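Enquirer: This is a predicted model, with the sequence first.
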Amino acid sequence: MKRKINETDLAIIINDRTMFDFLDRLRMLATSLFTWKGLDEIAGTGASRFLEQVLYENGRACFVKDTKNGLGYLALRVNPSDKLNVYELPTKVMAWSLGYNETYDFDDVIYIMNNELQKPTLEFMELFAYRLYDTERITDTNLNAIRTPVLIEGDTKTILTLKNVYMQYSGNIPFIFGNKQFDISNKLNVLKTDAPYLVDKLDVHKHQIFNDALTILGIDNANTDKKERLIVNEVESNEDLVNYYLNCWYKTRKKACDDINKKFGLNIEIVLNKDVIDLLNETENDIIDDENNGGDDDGSLYDNN
């Protein structure tokens, strides 16, 4: 027999799903920014995708040539396995994945960093996902409070009856019937909460959080929400910050590619998936042309083209 989910359990389920939903959305964006061109042909199908997933989760990975087991080139997870040198890099590493675990000298592998701090992208995105989740659930609560802006007060003996009355009310039932045994005038007191409508403000706040996450990832988002004109220095300032963050993810990957190619005589490239970024920015009328709208002359307009 299927157990009936109570209101508390349902709220917990929705909380969890909302949190993981935002975390998965951000993860899809973060792991779609770069492609390791030529890696799949050398290290096996899925190597490029797997490498980006590893960097997202662990902040570091490695590229090895397995001669011991005859597996050839592999892109794997990595853990420091010995003392650190003067530059605080490991002298030995453990290269591993499902069904694979081998120790290598540091000089025999290419140590790949997600960024200079070796920080997983996941740690950044978890904070943004939590803020997005929190704002989204506050929005849900506000909507529910507007739909049913009442508190029902009664004695402990009538809790079940009160719950049934409230369920009918929140279920949009136009008429609620009672009987003489349930004296509403004596046992039921309704207090109006008069909750304000905050959905529009919360929606703006949520988009600001999401845009902050895009900035950290290096995705241009200056125009994703603004429908008014943007002056040149405002857009350029955002572009500079976006580029700085993008470079934090790019330069360690580029160095890894250069090191792989030099050490093993290969030709792997790190490619920025510009099509993904362009797709995110394809919104019409993000910037309104000054001539078409007759706005005030308060600065030059940024040409989105």
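Expert: Structure's in. What do you need?

Enquirer: can we go C-alpha only for contacts and neighbour counts from here?
Expert: Fine.

Enquirer: Scan this structure for its longest strand.
Expert: For the chain, the longest strand by residue count, based on DSSP state E, is strand 72-80.

Enquirer: tell me which residues of the helix or strand following it are tucked away?
Expert: Remark: after strand 72-80, the chain's next helix or strand is strand 92-97, criterion DSSP states H and E. For strand 92-97, the neighbour count (16 or more other C-alpha atoms under 10 Å) marks 92-96 as buried.

Enquirer: With T161 as the reference, measure out to I12.
Expert: Distance of I12 to T161, computed by C-alpha to C-alpha, to the nearest Å: 24 Å.

Enquirer: how long is stretch 100-110 from one end to the other?
Expert: Stretch 100-110 end-to-end distance (C-alpha to C-alpha) = 17 Å.

Enquirer: For it, which outside residues touch it?
Expert: With contact meaning C-alpha atoms under 8 Å, 6 or more residues apart in numbering, stretch 100-110 is reached by 62-65, 81, 90-96, 256, 259-260.

Enquirer: Using pLDDT, spot the least trustworthy of these.
Expert: By pLDDT, S81 ranks lowest within these, coming in at 91.

Enquirer: Setting aside sequence neighbours, what's the nearest residue to it?
Expert: Using C-alpha to C-alpha, 6 or more residues apart in numbering and skipping residues adjacent in sequence, the residue nearest S81 is V93, 4.6 Å away.

Enquirer: now the one you found: how far from D108?
Expert: According to C-alpha to C-alpha, V93 stands 10 Å off from D108.

Enquirer: show me the contacts for the residue nearest to S81.
Expert: Contacts of V93 by C-alpha under 8 Å, 6+ apart are 78-82, 103-106.

Enquirer: Just the pLDDT for Y169.
Expert: Note on Y169: pLDDT of 57.

Enquirer: Need the pLDDT of L29.
Expert: L29 is assigned a pLDDT of 94 by the prediction.

Enquirer: residues near it, how many?
Expert: Neighbour count for L29, taken as other C-alpha atoms under 10 Å: 15.

Enquirer: do G46 as well
Expert: The tally of other residues near G46 (other C-alpha under 10 Å) stands at 12.

Enquirer: Assess the claim that it and D40 are in contact.
Expert: Yes - contact criterion C-alpha atoms under 8 Å: G46 and D40 qualify, at 6.1 Å.

Enquirer: mind listing the strands in the stretch 1-150 of the chain by residue range?
Expert: In the stretch 1-150 of the chain, strands defined by DSSP state E, counting those that start in this stretch lie at 34-37, 60-66, 72-80, 92-97, 100-105, 110-113, 150-153, listed in chain order.

Enquirer: Mind putting those strands into CSV with distance to K119?
Expert: Below are these laid out as CSV (distance: least, C-alpha to C-alpha, whole Å):
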stretch, distance to K119
strand 34-37, 17
strand 60-66, 8
strand 72-80, 13
strand 92-97, 17
strand 100-105, 22
strand 110-113, 8
strand 150-153, 47
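
Enquirer: Tell me which of these sits nearest to L246.
Expert: strand 34-37 (10.6 Å; C-alpha to C-alpha).

Enquirer: gap between the two ends of stretch 50-65?
Expert: One end of stretch 50-65 sits 17 Å from the other (C-alpha to C-alpha).

Enquirer: typo on my end, stretch 31-49
Expert: 8 Å.

Enquirer: List the buried residues in that stretch.
Expert: Of all the residues in stretch 31-49, those buried under the rule 16+ other C-alpha under 10 Å are 31-40, 42-43, 47-49.

Enquirer: any weak-confidence spans in the stretch 51-200 of the chain?
Expert: The model of the stretch 51-200 of the chain has pLDDT under 70 over residues 148-159, 162-163, 165-193.

Enquirer: what's the burial count for K274?
Expert: 13.

Enquirer: which one is it nearest to, not counting chain neighbours?
Expert: K274 sits nearest to L33 (C-alpha to C-alpha, 6+ apart), 7.7 Å away.

Enquirer: And the helices in the protein?
Expert: Along the chain, the segments classed as helices by DSSP state H run 7-30, 39-43, 47-58, 121-147, 159-170, 184-187, 199-217, 232-264, 274-280, 290-293.
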